[in-house]
Each structure stands twice: as structure tokens, then as C-alpha cells.
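Participant: coords please:
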Amino acid sequence: MPETTPGTTQRSAVTADWTLDPADTGACERLARTLCADGRAQVDTPEWVAGARDAWEDLPLPLRRAVRRFRRQSGPHGALVIGGLPTDEAALPATPSVPGSVQRRATVPAAVLTMVACGLGEPLAYRAEKSGALVQDVVPVPGQESFHGNAGSVPLSFHTENGFHPHPPDYVIFLCLRADHDQVAGMRVAGIRQALPLLTPDSREALFAPEFITTPPPSFGPDAATSEQGVEPRPVLSGAIDDPDIRMAQLVTTPLTPRATAALTEFGRAFEATARTLRLTPGDLVIIDNRVTVHGRTAFQPRYDGADRWLQRTYVTTDLRRSRDHRPHDGHVLAR
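Facilitator: Got it, this is the predicted structure:
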């Protein structure tokens, strides 16, 4: 359980790690509304992101302090869940149910996500995924129940986001706008810091070797897997031996040798043994350290009645400059 931050109260570990008090929730909402005052404001414009970046400094201190601490050290789980964020529930439309749904217009939830993203680093998106939107809907889509991605409702296996890419996000942020009807859908998270001690020395050695290929996930479209990105063999683990980074996705990471196959299987068992399941409620904000933590999802049953599970997602990089050659006009979208 993360350290309790002043101005917060403890909650169950299956939902939020801690919750903003009502006064701070109100302050967050008022600040978010200033970013939405112009009903025509667009999330993806540089001017709006700059406004969110400035507004971050005015968010309640307990929230800013918790995010700063997590940015420095993401802890044993590599994930932080903060409850009590505003979602403007009364103004929420029906849960989207079309493929590729994103949030272009400025709203209170989009403002919350973008402000927190600016506190962690800078928001980031990929042109080939969700049309390069900075705030993306994670919703079930009719006919895509078995899709292994954000539009599906079957179990989603463990993965880091966009590990095939030379510039994967450092963090992934989710804000829950609606829970599923039956309140059984769970976000599953597992961190390397708890899984690593369960691996044998042989498996660790194999996972640090460039004996794996990771291709783009299905959310990047059918043509992405044939692109040059992700073809070169890479290790699953890199960096410090005792606290490595991860790049893998159980669906699209292929081992190239027998020892790599055995190691990846053992790695999956270690994640299963150490995972925790987060059952999110509206206003829960999840920050995942994508460098050291994998995540997935349990199955749930959508009804397609306008009130299905609805999360919004934003990617974050701690160093926007390092991807400059992939971002036209120094924007926030990686074009390749």
C-alpha cells in the first residue's frame, strides 16, 4: 500500500489506494472547467495542452505531491490508483460504442487526464492508433467482443503499451467514467519488482537477451504488423539487472529460441502470481509506470445500452525531445 498523502483517506486496495477529500475534488473540478469554458476548445491543440500544463500547477497539493512521488519512485506495484477525481457525471453522454472512439472536445475528464499527464511529463499519441488523439476512449464495441484490445470485453492478456515502438510511453493514465453494469471488470496490473524474484537465473538471462520480436498490437490496424518497426529482435528486459525495464505483450511478443520460449512462459507465471486486480469506480484515476509494469483486463459482459464501462486513456512521456524525429512540427503525435 503506498504511503498515505496528507489530505486523503485510505480505501480498499481493490479500488483506489487513496481518495481525494471532497474539498480537493471540488477544486480539481473547478480548475478543469476553466479549460472547458470555451465550448469549442479542442483537446489536441498545442494551445489547449499548454493551458493544461499551466493549470497542473494549481491542482491541490496532495494530488501534485502524490504524482511527483510516484514519478520518482513508482513502488513495488508500479501503479497508483487515486480516487475522487471529477468526471462531470451529470453531463456525461452515452458511453461511445463505435470503433476508434476518442475525445476531441475539451471536457472535465479530458482536462483531468491532461493536467495529470503534464504533471508526469508530456502527453503523447501515435498517429496509427486511435487517429493520434491524446485522450482515447476505452469502451466495448458491438461485434468486437473477442478483439484483443481496448474495444473488446474478453480477457486481455498482460502487456506494456507499444513496446514494439522505439518510443513507447513511460506512463499510461486511465480515468474511470463508468464501471461495467455487473462491476466485475477488473484492470490487472503486475510489476517487475515483485515478479523478478520468482524467475530463475536462466530465465532472467534469457529475458535480457535479444531473442524476442514484438510486433504492433491489433489497435494499430492490420497493416502495422508488417511495418519495419518491431521486426528487429530485442530483449524483453533491459537496464538495471536488479530493477529492469520491460517491453513485452503476451499476444504479440514471439520468442525466437527454446530458452526464450521457456523464459517467457515463466515470466507469465510470475505475473499471474503477483498481479492485483483493480475494480474501478467512477472518479478512479490509474497511473501505470509502463516501464516496469504490465497490465491487462478481466472479462465482462457489455449491454450496449449507453451505460457500459467507459475509461479514458492518455499516454505520457517523460522526455518529449527524444522522439522529435517522429513528431512533425514538434507536436505531441508520433507520425511513425
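Participant: burial count for Met313?
Facilitator: Not Met; residue 313 is Arg. Residues lying near Arg313 (other Cβ atoms under 10 Å) number 21. Yep, even glycine has a C-beta here, placed from its N, CA and C like the rest.
Participant: Could you do the one 5 residues further on as well?
Facilitator: By the criterion of other Cβ under 10 Å, Thr318 has 14 neighbours.
Participant: Correct me if wrong: it contacts Gly119.
Facilitator: No: counting by Cβ atoms under 8 Å, Thr318 sits too far from Gly119 to count as a contact (11.2 Å).
Participant: what residues are shared contacts of the two?
Facilitator: Arg71 (Cβ atoms under 8 Å, 6 or more residues apart in numbering).
Participant: Quick one: mean pLDDT over stretch 23-42.
Facilitator: Mean pLDDT, stretch 23-42: 95.
Participant: how far is it from where the chain is centred?
Facilitator: Averaging C-alpha positions (Cα atoms, centre = their mean, to the nearest Å) puts stretch 23-42 22 Å from its chain's average.
Participant: Quick one: residues in contact with that stretch.
Facilitator: In contact with stretch 23-42 (Cβ under 8 Å, 6+ apart) are residues 7, 20, 48, 51-52, 55, 58-60, 62-63, 84-86, 88, 104-108, 111-112, 114-115, 283.
Participant: Whichever of the residues you listed end up buried, select them in ChimeraX.
Facilitator: Isolation of the buried members of the contacts of stretch 23-42 (16 or more other Cβ atoms under 10 Å) is achieved in ChimeraX through the command below:
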select :7,20,48,51,52,55,59,60,62,63,84,85,86,88,106,107,108,111,112,114,115,283
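Participant: Just the ones in helices from the contacts of stretch 23-42, please.
Facilitator: 48, 51-52, 55, 62-63, 108, 111-112, 114-115 (DSSP state H).
Participant: biggest separation within those residues, which pair?
Facilitator: Greatest spatial distance among the ones in helices among the contacts of stretch 23-42 (Cβ to Cβ): Trp48 and Pro62, at 25.4 Å.
Participant: how near is the closest residue in space to Ala209 that isn't next to it in sequence to Phe267?
Facilitator: Of all residues not flanking Ala209 in the chain, Pro235 sits nearest, at 5.7 Å (Cβ to Cβ, 6 or more residues apart in numbering). Pro235 sits 12 Å away from Phe267, going by Cβ to Cβ, to the nearest Å.
Participant: How about Val316, nearest residue that isn't a chain neighbour?
Facilitator: Nearest one to Val316, counting by Cβ to Cβ, 6+ apart, is Tyr171 at 4.0 Å.
Participant: where are the low-confidence patches of the stretch 101-250 of the chain?
Facilitator: 222-230 (pLDDT under 70).
Participant: Which parts of it are helices?
Facilitator: 108-120, 192-195, 201-207 (DSSP state H, counting those that start in this stretch).
Participant: Now do the contacts for Pro255.
Facilitator: Pro255 is in contact with 211-212, 261, 263-264, counting by Cβ under 8 Å, 6+ apart.
Participant: Now it: closest residue in space, sequence neighbours ignored.
Facilitator: Thr261 (4.3 Å).
Participant: re the thing from before, ok, the contacts of Pro255 vs Gly221, which is closest?
Facilitator: The closest of the contacts of Pro255, once distances to Gly221 are taken by Cβ to Cβ, is Phe212, at 22.2 Å.
Participant: hmm, who's touching the longest helix along the chain?
Facilitator: When the chain is parsed with DSSP H, its longest helix is helix 258-274. Residues outside helix 258-274 that contact it (Cβ under 8 Å, 6+ apart) are 158, 190-191, 194-196, 198-200, 202-204, 206-207, 209, 211-212, 236, 248, 250, 253, 255, 294.
Participant: Does Gly149 touch Gly221 like I think?
Facilitator: No: judged on Cβ under 8 Å, Gly149 makes no contact with Gly221 at a distance of 10.7 Å.
Participant: Just give the number of residues close to Ser146.
Facilitator: Neighbours around Ser146, by other Cβ under 10 Å: 8.
Participant: Also Ala90?
Facilitator: 5.
Participant: Now for it: which residues touch it?
Facilitator: Listed by Cβ under 8 Å, 6+ apart, Ala90 has no contact partners.
Participant: Tell me the predicted confidence for it.
Facilitator: According to the model, Ala90 carries a pLDDT of 94.
Participant: Tell me how far it lies from His181.
Facilitator: Going from Ala90 to His181 by Cβ to Cβ gives 20 Å.
Participant: What's opposite Thr254 in the beta bridge?
Facilitator: Note on Thr254: beta-bridge partners Ile213, judged by DSSP bridges.
Participant: neighbours of the nearest residue to Thr274 once chain neighbours are set aside, just the number please.
Facilitator: The shortest distance from Thr274 to any non-neighbouring residue, by Cβ to Cβ, 6+ apart, is to Gln194 (4.1 Å). Gln194 has 18 neighbouring residues, counting by other Cβ under 10 Å.
Participant: No more questions from me, cheers.
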